[in-house]
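Visitor: give me a 3D structure for the following:
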Amino acid sequence: MSWWAVEVEAAPERREVVGAWLVARTGQAIEERDDGTLVTVAETEPLADALIAAVAEAHQLQATRRPLDSVDWAVHWRDGIEARRFGRLTVTPSWLETAPGQFTVVLDPESAFGSGEHGSTRAALTLLERHLVPGATVLDLGSGSGILAIAAIKLGAGRAIGIEVDDEANRIARQNAGKNGVADRTEFLTGDAADLAPLLGPAGMIVSNILRNVNALLLPAIRASLAPGALCIFSGMEATEAPLFRPELAAHGFEVRDEVIDTAWWAVAANAG
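Guide: Numbering: from 1, shown residues only. Just a heads-up that it's a prediction; the model follows:
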């Protein structure tokens, strides 16, 4: 079988939407390169051409294709994906033999964004592991695969609630929570975080791994949802966006407490004074 790589260039603020669309359209995992290019695979040249046309129609983006070596790309994409450590926390795909434990999250990068393979998710996990207060209620805004909510429970949160606009992502998140034995302490709601988060607070921590412009719009709702002194972790932003987001934080009374850069993706932990 001759497989084809399909490469799509998308602006930073569109990559999450386009990436999720590619996963849903192809049923394949995608790779995001350091330059931001999204890469997926098609089984035949006609399917690759059809996908390129669909990308142009759905997102007004150009895509290119190139032939790949004759291997089974349905499983070859797993090569190079390994268990990742974030302090006490380990995130691993299911096909690796990793000893289960209190601080282990098993999650495959196949069906929804958020697997520990993306710099923005890794940066958020790093700050979550550093700052989570045991027993806290955590709100996960833009929860995707549920990885941050699941990790919060593994790290000792009393309860974690994900808020996501995509019903399909929530279905996957619930499955992932069940596989990790935390379904009884997690909940995934469909709706607008600006409306739901204040109703669910006060939260002991909020994680918002979305986009800079969305994070900025959510700042009033996030502040209204946090318990006094509690932290919010903001991620989903490139390091070059830090000078743009810091003034937004200050304007809404937030003070930066910690930050992480992972492969050009920036995450920041801040609380309101």
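Visitor: I figured Val182 hits Leu155, correct?
Guide: No: the pair Val182 and Leu155 fails to qualify as a contact (CB atoms under 8 Å) at a distance of 10.9 Å. C-beta here means a position set from N, CA and C on the backbone, and glycine is covered the same way.
Visitor: so those two - more neighbours on which side?
Guide: Leu155 (25 against 21; other CB atoms under 10 Å).
Visitor: so what pLDDT did the more buried one get?
Guide: pLDDT for Leu155: 90.
Visitor: so who does it touch?
Guide: Arg88, Leu89, Phe103, Leu128, Glu129, Leu132, Pro134 (CB atoms under 8 Å, 6 or more residues apart in numbering).
Visitor: ok, the first one - contacts?
Guide: So that's Arg88. Counting by CB under 8 Å, 6+ apart, the residues that Arg88 touches are Phe103, Glu129, Leu155.
Visitor: leaving out the residues flanking it, which one is nearest to Ala230?
Guide: Gly204 (5.3 Å; CB to CB, 6 or more residues apart in numbering).
Visitor: helices and strands around whichever helix or strand the one you found is part of, which ones?
Guide: Element membership of Gly204, judged by DSSP states H and E, is strand 203-209. On a contact count with 3 or more CB pairs under 8 Å, 6 or more residues apart in numbering; DSSP states H and E, strand 203-209 meets helix 119-131, strand 137-141, helix 147-154, helix 193-200, helix 212-225, strand 226-238.
Visitor: now render those as TSV, adding mean neighbour count and distance to Leu38.
Guide: Listed next are the helices and strands packed on strand 203-209 as TSV, based on neighbours: other CB atoms under 10 Å; distance: least, CB to CB, whole Å:
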stretch	mean neighbour count	distance to Leu38
helix 119-131	24	14
strand 137-141	27	23
helix 147-154	28	19
helix 193-200	18	25
helix 212-225	19	19
strand 226-238	22	15
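Visitor: make CSV out of the ones you listed and add distance to Pro46.
Guide: Shown next, in CSV, are those (distance: least, CB to CB, whole Å):
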stretch, distance to Pro46
helix 119-131, 34
strand 137-141, 40
helix 147-154, 35
helix 193-200, 41
helix 212-225, 37
strand 226-238, 35
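Visitor: Glu9: neighbour count?
Guide: Applying other CB under 10 Å, I find that Glu9 has 16 neighbouring residues.
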